[in-house]
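**Student:** everything below, folded, please.
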Amino acid sequence: MKKYFHVMKTTFNDSLQYASSLIFRFIGFSITISILVSLWSFLYKDGTSIINGYTFNQMIWYLLLTEIITFGSGSKVATDEVRDCIKSGNIAYQVNKPYHYIIYIIFKYLADTFIRFSMFLVIATILGFIFAGPIENFNIITLLSAIPVYAFAVLITGLVKILISLSSFWVEDSKPFQMVYNKFVLIFGVFFPLEMFPKIVGKIVRFSPIYGVSYGPAKLVINFSFNILKEILISQILTIIIVLTLIFFIYGRGVKKLNVNGG
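**Tutor:** Predicted coordinates for the structure are as follows:
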């Protein structure tokens, strides 16, 4: 385990050196939020105080709290690095290293994501106070509850992306699958809360990773309750177990395929 923390420390230091390159993503983040705030401001300006159970304050913070995960988890370690490693054949060398490749990638992703997430959290908080003011009814209990929920959300995001990237063992390029998944997250988890969709859609999304990586964490912060916290944690833990199981299974099959074909 010590070697994985060393990988994490090295990646963390490397990420700090290139933190300035995130400025362009900050600009993109700010533009995206500004456009969405303008949209919802228009919808609320006719005097409507609540839309599908959301006040203007809650809606803006919902957007920000979901976008934090989307932009903060944008590390290419779980996507491009894994995909390129498989496509180039370097995975054959990684298999023989004195560490497990999947665990190595997970730790590297978490270290890289920590820097990104922290920076976007700061800018999102600033934008939130500018556009909507402080979160309604936010307190220390909400804050403490949000920490593990958001940590799990970041982890799940990375695990799902790793799982998709492992399809490169069999397909030419996993990038299109990553794009499709990202679009689903944006539509059903970021741009609109589940209450904006038909109930059947909400029920389906609740059984998908989208619930644990976007809607659930944001909903907890803007409308905290212990029932929501319990529901989200159970969903996230089950998702982590299922996705991890699939990752190790598919990785094992992929490595076996390499060995059969002469690696």
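
**Student:** C-alpha from now on. contacts and neighbour counts both.
**Tutor:** OK.

**Student:** now K87. Nearest residue, chain neighbours left out?
**Tutor:** S168 (6.7 Å; Cα to Cα, 6 or more residues apart in numbering).

**Student:** ok, now how distant is that neighbour from K257?
**Tutor:** S168 sits at a distance of 12 Å from K257 (criterion: Cα to Cα, to the nearest Å).

**Student:** more neighbours: these two, which one.
**Tutor:** In this view S168 and K257 are compared by other Cα atoms under 10 Å, and S168 has more residues nearby, 19 against 14.

**Student:** from memory the more buried one sits against R83, does it?
**Tutor:** Yes. Here S168 reaches R83: they are 6.0 Å apart, a contact under Cα atoms under 8 Å.

**Student:** who touches both of those two?
**Tutor:** S174 (Cα atoms under 8 Å, 6 or more residues apart in numbering).

**Student:** quick check: closest non-adjacent residue to the spatially most central residue of the chain.
**Tutor:** Among the residues of the chain, the one closest to the centroid is T157, at 3.8 Å (Cα atoms, centre = their mean). Leaving aside its chain neighbours, T157 sits nearest to V213 (6.4 Å; criterion: Cα to Cα, 6+ apart).

**Student:** next up, the contacts around that neighbour.
**Tutor:** Contacts of V213 (Cα under 8 Å, 6+ apart): I69, Y150, F152, A153, V154, I156, T157.

**Student:** rank these by pLDDT and give me only the lowest.
**Tutor:** Here the lowest pLDDT out of the contacts of V213 sits on I69, with 91.

**Student:** could you measure from that residue over to G252?
**Tutor:** Counting by Cα to Cα - I69 and G252 are separated by 29 Å.

**Student:** compare the two (neighbour count), which wins?
**Tutor:** Neighbour tally, I69 and G252, criterion other Cα under 10 Å: the higher count belongs to I69, 25 against 12.

**Student:** which of the helices or strands spans the more buried one?
**Tutor:** I69 is part of helix 56-72, with elements assigned from DSSP states H and E.

**Student:** can you give me how far stretch 112-126 is from the chain middle?
**Tutor:** Offset of stretch 112-126 from its chain centre (Cα atoms, centre = their mean, to the nearest Å): 12 Å.

**Student:** again but with stretch 145-156, I slipped
**Tutor:** For stretch 145-156, the distance to the chain centre is 9 Å (Cα atoms, centre = their mean).
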